[in-house]
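Q: predicted model and sequence follow; I will ask about them next.
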Amino acid sequence: MKYIVLVLSFVFAMNANAGLITNVFTSGNQLFVDFSLNNIQQDTYQTTAEYLFDDSQLEFSSYTDSVFMFDNFVGFGSGGVIPNGDSSLFFVDFVFFDDAFNFGPSFELGQAVFNILDNTVDPVFVEDKVENLNKNGAPHSEVPAPSGLVLFSLTAGLLLMRQRKQA
């Protein structure tokens, strides 16, 4: 029984961590944001994300799809900026021609480039929202990884306590 609970907890934890991976780094006077999918769920036809940044520190320059997206005719991405007072919202949307799950457990999506303004040392670029959508455009109903793992552990613990009382 212990081994079953252990194996199920690992499987559950791996599924709960699926989604968009963002790698943010600077080079010279530019900030680069690489997007990729990792352990994507089945029935994912669109991934959308929003990021907040200080528009006095960064200026959106460009977005390009990855070579993998282009060469394999996987889909396309688009990005843009919505000004919002002191901060701005960068959005990126990836639309897949088929279920993204069919293209492998992980793959690169694209890259956004921002110009760093006024000798800013550490520009602010913060994830606000990430959402995977199914074929009908509805969000996946996912339990966040920490909460899901805690709920699973509590359930397993209660079952073990119940078995000990019966023995």
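A: Received it, and whenever you're ready, just let me know what you need. Numbers count the residues shown, from 1 in each chain.
Q: remind me which helix or strand the one residue sitting closest to the centre of the chain belongs to.
A: With distances taken as C-alpha atoms, centre = their mean, residue 20 lies nearest the centre of the chain, 2.1 Å away. Assigned by DSSP states H and E, residue 20 belongs to strand 19-27.
Q: and the gap between residue 102 and residue 91?
A: According to C-beta to C-beta, to the nearest Å, residue 102 stands 25 Å off from residue 91. For glycine as for every other residue, the C-beta is placed from the backbone atoms N, C-alpha and C.
Q: one more: residue 108?
A: From residue 108 over to residue 91 the distance is 19 Å, taken as C-beta to C-beta.
Q: can you count the residues close to residue 72?
A: Using other C-beta atoms under 10 Å, residue 72 has 13 other residues around it.
Q: that one is in contact with residue 102, isn't it?
A: No - checked against C-beta atoms under 8 Å, the pair residue 72 and residue 102 is beyond contact range at 10.5 Å.
Q: look at the closest residue to residue 73 other than its chain neighbours and report its pLDDT.
A: Excluding the flanking residues, the one nearest residue 73 by C-beta to C-beta, 6 or more residues apart in numbering is residue 97, at 6.6 Å. We note a pLDDT of 88 for residue 97 in this prediction.
Q: and residue 97, what does it touch?
A: 73, 74, 75 (C-beta atoms under 8 Å, 6 or more residues apart in numbering).
Q: circling back: surely the residue nearest to the centre of the chain is in contact with residue 48?
A: No - contact criterion C-beta under 8 Å: residue 20 and residue 48 do not qualify, at 9.0 Å.
Q: against residue 164, how distant is residue 72?
A: Relative to residue 164, residue 72 is positioned 53 Å away (C-beta to C-beta).
Q: which parts of this protein are helices?
A: 2-16, 67-71, 145-166 (DSSP state H).
Q: list the buried residues in the second one.
A: Which is helix 67-71. Within helix 67-71, the residues that qualify as buried are residue 69, counting by 16 or more other C-beta atoms under 10 Å.
Q: who's in contact with it?
A: Applying C-beta under 8 Å, 6+ apart, the contact partners of helix 67-71 are 74, 75, 76, 77, 94, 107, 108, 109, 110.
Q: give me the buried entries from those residues.
A: The neighbour count (16+ other C-beta under 10 Å) marks 74, 75, 77, 94, 107, 108, 109, 110 as buried among the contacts of helix 67-71.
Q: now, which of those residues sits nearest residue 33?
A: Nearest to residue 33 among the buried ones among the contacts of helix 67-71, counting by C-beta to C-beta, is residue 110 at 9.1 Å.
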